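Participant: Give me the fold of what follows.
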Amino acid sequence: MKKDLMEILACPVCKGDLVLNIEKEDEKEVISGTLYCSVCNEYYPIEEGIPNMLPPDLRE
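Facilitator: Residues are numbered from 1 along each chain as shown. Next up, the predicted model:
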């Protein structure tokens, strides 16, 4: 996931701002980590550079 996506990403539940927590990154993008919504208190995982923005009740 490219860091500049943070400018347009919002929580899929409440449309609130997200906070990026990086676990692993390379020079171009975030490889793994989470996106956190403080309004909903929900985390959205980033795995293999892809953010999973499905609402929590729709994830496996």
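Participant: Tell me where this structure is predicted with low confidence.
Facilitator: Applying pLDDT under 70 to the chain flags residues 60.
Participant: Now do the strands in it.
Facilitator: 19-25, 30-37, 42-47, 50-51 (DSSP state E).
Participant: now those as a markdown table including mean neighbour count?
Facilitator: Using the backbone N, CA and C atoms, a C-beta is placed for each residue, glycine as well. Putting these into a markdown table (neighbours: other CB atoms under 10 Å) gives the following:
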| stretch | mean neighbour count |
| --- | --- |
| strand 19-25 | 13 |
| strand 30-37 | 19 |
| strand 42-47 | 18 |
| strand 50-51 | 16 |
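Participant: Nearest to Cys11, out of those?
Facilitator: strand 30-37 (3.9 Å; CB to CB).
Participant: wouldn't Glu42 be in contact with Val13 here?
Facilitator: Yes: between Glu42 and Val13 there is a contact at 6.7 Å, judged by CB atoms under 8 Å.
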